[in-house]
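[1] requesting a structural model of the entry that follows:
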Amino acid sequence: MDEKMTPRIRFKGFKDDWERRKTKELCDISTGKGNTQDKVEDGKYPFYVRSVTIERSNEYLYDQEAVLTVGDGVGTGKVFHYVNGKYNLHQRVYRMFNFNHGVSAKYFYHYFSKNFYRRVMSMTAKTSVDSVRMEMIADMKIKFPSPAEQETIVSVLDGLDGTITLHQKKLDNLQMLKKLLMQKIFDQEWRFKGFTDPWEQRKLTDVGDIARGKSKHRPRNDKKLFGGKYPFVQTGDVASAGLFLTNYSQTYNDFGLAQSKLWPSGTLLITIAANIAETSILGIDAAFPDSVIGFTAKNSDVVFIKTLIDKFSNGLKRKAETSSQANLNLAKLSDLDIVVPNYDEQKQISSFFQNLDNLIASNQQHLDQLKTLKKYLMQNMFV
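    Purely as a prediction, here's the structure:
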């Protein structure tokens, strides 16, 4: 049976079957000539090396439209660039140029970057690819429509990429702003209007009760513990959560809960193993293992304490003991010195950062939706 040569999603007015040719029929293929030592900070021309990072150089090797992919290193099969102009190129980066048969370089870039990794993985028995051989590129079959349909596909994907880039920059700027504000506010350089009382030094245990989670049964992954109605939160769930944790990947049954403990909503979670010093506040009642510490606020605002610990997360990671696996023990966390304002100022600060976190989360969600849309289009606009 003939292979279908039309995509699932197609723009109005296009009906012809797509063509299929090997890469070597559509363009010339070669590698660069540059070396890593050719890079110059703030150089005049882009210098494409074996990573997603684009270096700079004061010399250029080529002045052309081309598609690039790394030939070895950690980015093998995953790093792609489209270039149109003067650039320098590392000797282990491939370039595809001088496109013909009606295939545009930009269309080729989108198609190739979507499909090349799958191709190279099919040509190796290992779980990763160490290097790209010329034939992996040259003999890869490229499916393409008419130039007019290519242009339409490229226009949609380029527009979506531009929107994703803008939203990513906005998100990055918001996260940088949060870091700056945390620094200024917790160092007391900036104060909210109406608050002048000095902050007081405390131990973390002065402003709340802390205890390790519980999971007594061994082995920890015994199947008879799981599959019930009680949320069981693990370090990865905390690391991937936002301000409040409501999603979880596992549940305990009655037997599982009997050897653990159900903590109430509002408990601050602090990871002390695997993902060190990640935090989130329970938005649900949940159990968790002893790789997570639970903090219950007393005469303090839990969002404020979370934000304060987030500011000190790098220092807490340095406190982590290094053995076979880094961990932060309960004693070190209990002895943590913190400086806190009165309760009203804590509430003011926590409200401010909660609003900022909500804005960051909203932008992250929008960015994720755009990326999901692009993934869907990439899967359905190509044959």
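[2] domain ranges for the chain?
    1-18+147-196+343-382, 19-144, 200-340 (the TED database).
[3] got the ones you listed as JSON lines, with mean pLDDT columns?
    What follows is the domains of the chain, written out as JSON lines (pLDDT from 0 to 100):
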{"stretch": "domain 1-18+147-196+343-382", "mean pLDDT": "95"}
{"stretch": "domain 19-144", "mean pLDDT": "94"}
{"stretch": "domain 200-340", "mean pLDDT": "93"}
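[4] reformat these as CSV; add mean neighbour count.
    Quick note: C-beta positions are derived from backbone N, CA and C, even for glycine. Below are the domains of the chain laid out as CSV (neighbours: other CB atoms under 10 Å):
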stretch, mean neighbour count
domain 1-18+147-196+343-382, 14
domain 19-144, 17
domain 200-340, 17
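[5] please identify the helix or strand for Asp344.
    helix 343-380 (DSSP states H and E).
[6] so which elements touch that helix?
    helix 147-186, helix 302-311 (3 or more CB pairs under 8 Å, 6 or more residues apart in numbering; DSSP states H and E).
[7] ok, which of those comes nearest Asp139?
    helix 147-186 (21.7 Å; CB to CB).
[8] report the distance from that closest one to the chain centre.
    Computed by CA atoms, centre = their mean, to the nearest Å, the chain-centroid distance of helix 147-186 equals 13 Å.
[9] just checking, what packs against that helix?
    Using 3+ CB pairs under 8 Å, 6+ apart: helix 147-186 touches helix 105-122, helix 302-311, helix 343-380.
[10] which other helices and strands contact the following helix or strand past it?
    Using DSSP H and E, the helix or strand that follows helix 147-186 towards the C-terminus is strand 200-203. Secondary-structure packing of strand 200-203 (3+ CB pairs under 8 Å, 6+ apart): strand 337-340.
[11] can you list contacts of the strand it packs on?
    186, 188, 199-204, 207, 300, 304-305, 308, 312, 346 (CB atoms under 8 Å, 6 or more residues apart in numbering).
[12] rerun at 7 Å
    Trp199, Glu200, Gln201, Arg202, Lys203, Leu204, Val207, Ser300, Leu308, Gln346 (CB atoms under 7 Å, 6 or more residues apart in numbering).
[13] of all the residues you listed, which comes closest to Pro264?
    Ser300 (16.2 Å).
[14] show me the contacts for that closest one.
    Val207, Gly208, Val340, Tyr343, Gln346.
[15] cool, and Asn58?
    Contacts of Asn58 by CB under 7 Å, 6+ apart are Val40, Gly43, Lys44.
[16] same question, Ala148
    By CB under 7 Å, 6+ apart, Ala148 has no neighbours at all.
[17] next, the angle from the helix holding Asp344 to helix 147-186.
    170 degrees (axes from the mean of the first three to the mean of the last three CA atoms, to 10 degrees).
[18] what's the offset of helix 343-380 from the middle of its chain?
    13 Å.
[19] what's the answer for stretch 237-248, then?
    15 Å.
[20] same question for stretch 110-125.
    22 Å.
[21] re the thing from before, closest one to Ala361 among the helices and strands packed on helix 343-380?
    Here helix 147-186 is closest among those (CB to CB), at 10.0 Å.
[22] tilt between the closest one and helix 105-122?
    Using the same axes, to 10 degrees: helix 147-186 against helix 105-122 is 80 degrees.
[23] so helix 147-186 versus helix 302-311, what angle?
    Using the same axes, to 10 degrees: helix 147-186 against helix 302-311 is 100 degrees.
[24] for the contacts of Asn58, give me JSON lines that also has distance to Asp254 and secondary structure.
    Shown next, in JSON lines, are those (distance: CB to CB, whole Å; DSSP: H, G, I helix; E, B strand; the rest coil):
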{"residue": "Val40", "distance to Asp254": "66", "secondary structure": "coil"}
{"residue": "Gly43", "distance to Asp254": "65", "secondary structure": "coil"}
{"residue": "Lys44", "distance to Asp254": "69", "secondary structure": "coil"}
